[in-house]
Structures are given as C-alpha cells and as structure tokens.
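> fold the following for me, if possible:
(2 chains)
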Amino acid sequence: MTDQLQHPDMPDRDNLLGLDPDAAEALRLSAALTRQEFGVSVDLDQREDPELISLLQAVSAVSAAFDHSTETEAFERFHHRTRTNVIASIAGTPEPVATAPSMPKTSLFQRWNVVFTATGAAAAASIATFAVTVVLLGNSDPAATLVSNVQPTDTTPQPAVAVIDPVIDPVIDPVRTEPAFNLTSLSVDTQLDIWIDTLRTVATLTADGAPVDVPLLHMLADVTESVTHQIETAPESVSGAVVFLSYQAAFSSGQTLNEATVVAESDQSVLATAQLAADEAFVVATRYFEQNPERIPSVDDVSAQRGPDVTRSENGTTTDGLAP
Amino acid sequence: MAENSSSQAVADEREYVQRCADGDQEAAGLLYDVYVARLYRYCLARVSNEADAEDLAEEIFLKALGAIDRFEWRDLGASDRSPFGAWLFRIAHNHVASHHRRVAVRGPMSEIHEWIPDGKRGPADLAETQITIEEVFRLVDQLPEAQREVIRLRFGAGLNIAETAEALDKRQGNVKVLQHKAVKRLRSMLIQEAATAAMSKSEIGPATVRSLIGNETVDD
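Next up is the predicted model:
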C-alpha cells in the first residue's frame, strides 16, 4: 500500500507511464470496468493477467449481490406503491404560481420577539432567554458567537384559541391539510417568516395547554421541510444568516413540539412528522456550517437580516439589544 | 453501440428532468423507474434494513423532485455521464447521513436487517442469495468510509467514475484509487470468507485454505 495512492488530490493521468504499480493497477481496473459497463467483454486470459481477472470477479460478486437485493417481489411492490406517490407529488400541468400571502413587512427579529413572548408569558418568566451559540458549530471566534436574549415586550398571555394568525389565514385551508400555495414558489425569507409565524401560533397554544390543530402542524412541517430542502439542495442560494435563523427556528420548533399536544391519538403521527422535520432542519443547518464554515454569519450579517437591534456585549457575545 | 445507447439514455434523462421541472407527471414516473432500484440498493447498503431503505429511497427521490427546478444540467465531460444521477446521489449521501444522525439520537427505530421470504425464487436459491447479500453488505461495511461509499455508489447505485466523483466531490483519479483499494480488500475478504466457510464444513483442511488464500492478506 503506498501513501501516494491515498493522497486525495492525486491527479488524473492519461497514461500509465511513470506511475507506481498500484496506481497503474487502479487505472487498469477502472478501464476494464468501464469497458464492461459499455458491454465490451474484457478479453483476458486467467494466466495472462490473473490479478485483474480476480479483481473483476470480486466486482462481479459484489455487483450481483447488489442486483439481487432488487430482484424480489417485495421490491417490485415497493416500486409500484411509491411510484404512485411520486407521480402524485408532481402538480401536473403547471399552474400559475399562487400569489404569496400578503405578509406585513415586519422584520424577522420582531417575529422572533413575538414567538418568545408567548412562550415566556406562559412560563410566567419575566425574561425568556433563547440562547444559541455558534460555538456549537465549531467556530471559536468570539465575535461570531451569537447569543440571543429575547425579552418579551408583552407578557399578556395569548388567547388559547386555535386561530391562525390572520396574516397567514388565507394560506391554510382548515379542511385540506396542505397549504393552498406552493411553498417553493416563495423566497426562503418569506418561508422563514411563515415558519416563525406558524411556530408562534403553536407555541402560544402549547403554552396555554391547548392542543394544536393538524392543519397547523402540517403547515409547520411543510414550511420547515421546504426551507431545509432549499438549504440542503441549493446551499449556494441561501445566506449564512438565513441558515442561522433556520437553525434557531429548528431548535425552537423542536422544543415547542416536544411540549405540544394534539386532540386525537391518530394525530400523533402528524406531530411526529413535524418533530422529524424540525430534527432534520437542525441537522441540515448544522451540517451547512460544518461544510461551509466561512459562511458562519457575523453579528452584522445577522443584524442585517433581523433588524438593527443586535448589539455586542462586553464579553464578546452578542445580544439582542432589548432592555430587561 | 453500447456507448451510443448510454448517451441516448442520458439524453432521454435530460428530457425527463426538464419535463419534471415543468410539472410533467409521466416524466416523473419514468425518472423514478430509472433510479428507484439504484437508490434502494444504495440505501440498503447504508442502513442494512429493508423498511428504512424503502422509506429513504422514496424520501430522497421526492426531495430531489421538490428541488428539480433548481437543478442545473451541467456537462460532466462526456455525453454518457449524467449530472442528474450525481446530483441525486449527493442528496442521497446527505439524506442518509441525516438519517444516521437521527437514529443515533433517538435509537434505532427498527430491528436489524432481516430478509423477508420471497416467492419469486425457489427456497434453495433464496437461501443462497440471502447469505450472499448479507455477507457482501457486511464485508462492504468493514471497508474504510471513503472506500465504502465508492463501492456503494459504483456498484450499488450504478454510477460511473465521473458521476461518483461528482457525487462525492472528489477527483476522478481519487475515486479510481479508492475503487481499486476497495475491490482488492473485498476480494481478500471474500476469499477468506469462502475459505472459512469451507473449513467449517470440513470440506477442506487448513493447508488448502492457505493455498486458496495464497498471498492474499486483508489490506490495512
């Protein structure tokens, strides 16, 4: 085994000249497999090149095992069953994109404030502290460490009524369990707004001990999955600040949903789906920063996204600058 | 000829992808038909559990469909290489990693892999196949992570070298080297497994085993 072979940056080579024997073997195996994949038989005698032949035999054994795993009736049933779901997931003939619900132009920061107002009030705490440190994400720069201390501005408990905020009322049809528009047609910022609005409603109900309606949980799961999906599949299109806010929203969703209750036992699966979506969102946001440490947002980035109310504390952390 | 048909398959795939992005349900079904077995095999090799592999394969495809309008068809250097396949399995790679993390937090949600009887093949056939699949998956699991992933993508998902490199964000040369190391190691392990099994049935003695294995040793 040579170290050279293990080097991850080994360049492609057009020929075998100058390569050590293992590298040459790697290229020969690759070439032979490529020929096989194109249906060209590898015309070699066992005595002529026993090494390559035995490697190809090993590949055949492994490939055959993989192939066998899908040559079963169980797999065929699965294929048939899920194909229907896949087709159903496509909207069919493209329809005009639904107009995004009219959202008041409040900042995300204000929306966060409201979310935690409800939670904090129910907890009878004068200050609800929501702290998330980016240190968890592996950045040791104190300036990049964000701590949000959100103080409720209104400690009046929200009414324990399963009424969805009028702002997003048109979005959810109480009969259907899906949003009446295509979430992916909205900007990620708007989706984040919807996420936070929905979470606020869930938090309010939960804090008041009221069960959460299924359409609301569906909405929370859908918007969480949609934002997560965008972060995972098109990370270059999402700013670090947005991912950081998603990270916070996921964290908060997980906390809130752990406390949430539903009316019927049969609704538990919907609650579990929303919890899974929150877990997934948390993992994806964390991985985003693991894979893109340069995108960990600065205080200024988050401040710009959330509004001007973020200040830096003496110890280098950053707080949302509301007075206690 | 085969190269041409491969290029044609990729050209068809490009059309399906475009039609999917336009909301064409038939194209979505066709694209699913192309990839479902490959996705399932890849997932099964990673989770060793049929039920989880089914769930994951479907989730991954639906996730990709949801983002297909943001997918950009980017040439991988030859007409027979599918950037869609590479993109799909990059999503799969990440999605299964998320699954593992969730399971690590919550604990496994189902029992370890257990093959379900299948009426399609005869009992003898089936027993032989089951052992083979289980053994191979177990051996693949013993490979170092990078080699393991190359084997799953190359021979489970059926990606070619260029697509595998794209999916793993590695250079093609590196993938070839990882593939070679993995296959060598698998060959050694397969020989040792076969020899051990034969010995346990007292069909051959230790000397024969040594001669079977020859100079083969499991690489470090």
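
> so, in contact with chain B or not, stretch A:255-267?
No: figure legend: stretch A:255-267 not in contact with chain B (Cβ under 8 Å from any Cβ of the partner chain); closest approach 12.4 Å. Quick note: C-beta positions are derived from backbone N, CA and C, even for glycine.

> and the contacts of stretch B:56-67?
A:82, A:85-86, A:89-90, A:184, A:226, A:229-230, A:232-234, B:20, B:28, B:32, B:35-36, B:39-40, B:42-43, B:47, B:71, B:87-88, B:91-92, B:95-96, B:99 (Cβ atoms under 8 Å, 6 or more residues apart in numbering or on different chains).

> out of those, which are inside strands?
In strands, judged by DSSP state E, none of these are found.

> out of these, which are buried?
A:82, A:86, A:90, A:226, A:229-230, A:232-233, B:20, B:28, B:32, B:35-36, B:39-40, B:42-43, B:47, B:71, B:87-88, B:91-92, B:95-96, B:99 (16 or more other Cβ atoms under 10 Å in any protein chain shown).

> go through those residues and flag which are in helices.
Mapping those onto helices (DSSP state H) picks out A:82, A:86, A:226, A:229-230, A:232-233, B:20, B:28, B:32, B:35-36, B:39-40, B:42-43, B:47, B:87-88, B:91-92, B:95-96, B:99.

> check the spacing between residue B:58 and residue B:92 real quick.
12 Å (Cβ to Cβ, to the nearest Å).

> oh, I was asking about residue A:279
On the measure of Cβ to Cβ, residue A:279 and residue B:92 end up 19 Å apart.

> residue contacts, residue A:25?
Residue A:25 neighbours (Cβ under 8 Å, 6+ apart): A:51-52, B:180.

> can you pull the pLDDT of it?
With respect to pLDDT, residue A:25 has a value of 86.

> ditto for the one 5 residues further on
Residue A:30 is assigned a predicted lDDT (pLDDT) of 90.

> so what's the residue nearest to residue A:63 when sequence neighbours are not counted up against?
Distance criterion Cβ to Cβ, 6 or more residues apart in numbering or on different chains; nearest residue to residue A:63, sequence neighbours excluded, is residue B:155 at 4.7 Å. Neighbour list for residue B:155: A:59, A:62-63, A:66 [criterion: Cβ under 8 Å, 6+ apart].

> and which of the residues you listed is nearest residue B:145?
Taking Cβ to Cβ as the measure, residue A:62 is the one of the contacts of residue B:155 closest to residue B:145, at 17.0 Å.

> the closest one sits in which helix or strand?
Assessed by DSSP states H and E, residue A:62 sits inside helix A:50-68.

> list phi and psi for residue A:234.
phi -140, psi 60 (degrees, to the nearest 10).

> again, but for residue B:24
Backbone torsions of residue B:24, given as degrees, to the nearest 10, read phi -80, psi 110.

> what does the pLDDT read for it?
90.

> count the neighbours of it for me.
Using other Cβ atoms under 10 Å in any protein chain shown, residue B:24 has 21 other residues around it.

> does it really touch residue A:87, like I thought?
No: between residue B:24 and residue A:87 there is no contact under Cβ atoms under 8 Å: 10.0 Å.

> ok, longest helix in the chain?
Using chain A here. helix A:268-291.

> not quite, go with chain B.
helix B:172-200.

> report the rounded mean pLDDT for it.
For helix B:172-200, the mean confidence score works out to 87.

> helices or strands up against it?
Under the contact criterion of 3 or more Cβ pairs under 8 Å, 6 or more residues apart in numbering or on different chains; DSSP states H and E, helix B:172-200 touches helix A:3-6, helix A:21-37, helix A:50-68, helix B:123-141, helix B:145-151, helix B:161-168, helix B:206-213.

> flag every buried residue along the third one.
Spelled out, it's helix A:50-68. In helix A:50-68, counting by 16+ other Cβ under 10 Å, buried: A:52-56, A:58-59, A:61-63, A:65-66, A:68.

> likewise stretch B:139-156?
Here stretch B:139-156 shows B:139-140, B:143, B:146-156 as buried, counting by 16+ other Cβ under 10 Å.

> shaky segments in chain B?
B:1-6, B:76-80, B:105-132, B:200-220 (pLDDT under 70).

> residue nearest the centroid of it?
Centre of chain B computed as the mean C-alpha position; nearest residue by Cα atoms, centre = their mean is residue B:156, 2.4 Å away.

> wait, it sits on residue B:42?
Yes: at 4.6 Å, residue B:156 and residue B:42 qualify as touching, with contact defined as Cβ under 8 Å.

> how about the nearest residue in space to residue A:263 that is not next to it in sequence, secondary structure?
Spatially, and ignoring its direct neighbours in sequence, residue A:263 is nearest to residue A:211 (4.6 Å; Cβ to Cβ, 6+ apart). For residue A:211, the secondary-structure state derived from DSSP: H, G, I helix; E, B strand; the rest coil is coil.

> ok, residue A:211 - how many residues close by?
16.

> contacting residues around it?
A:162, A:205, A:260-263.

> same deal with residue B:190?
A:58, A:61, B:139.

> one more time with 10 Å, if that's ok
Going by Cβ atoms under 10 Å, 6 or more residues apart in numbering or on different chains, residue B:190 touches A:54, A:57-58, A:61-62, B:135-136, B:139, B:216.

> quick check: which ranges of the stretch 151-300 of chain A have low pLDDT?
A:151-181.

> excluding chain neighbours, give the residue nearest to the closest residue to chain B within it in space.
Residue nearest to chain B within the stretch 151-300 of chain A: residue A:233 (3.9 Å; Cβ to the nearest Cβ). The shortest distance from residue A:233 to any non-neighbouring residue, by Cβ to Cβ, 6+ apart, is to residue B:67 (3.9 Å).

> can you report how many residues neighbour that neighbour?
When neighbours are counted by other Cβ under 10 Å, residue B:67 registers 19.

> kindly report the same for residue B:8.
Residues near residue B:8, counting by other Cβ under 10 Å: 12.

> got it, and residue B:169?
If we define neighbours as other Cβ under 10 Å, then residue B:169 has 10 of them.

> and the spatially closest residue to it that is not a sequence neighbour, what does it touch?
With Cβ to Cβ, 6+ apart as the criterion, residue B:169 has its nearest non-adjacent residue at 7.7 Å, and that residue is residue B:90. Contact analysis of residue B:90 by Cβ under 10 Å, 6+ apart lists A:232-233, B:64, B:153, B:163, B:166-169.

> cool, thanks, signing off.
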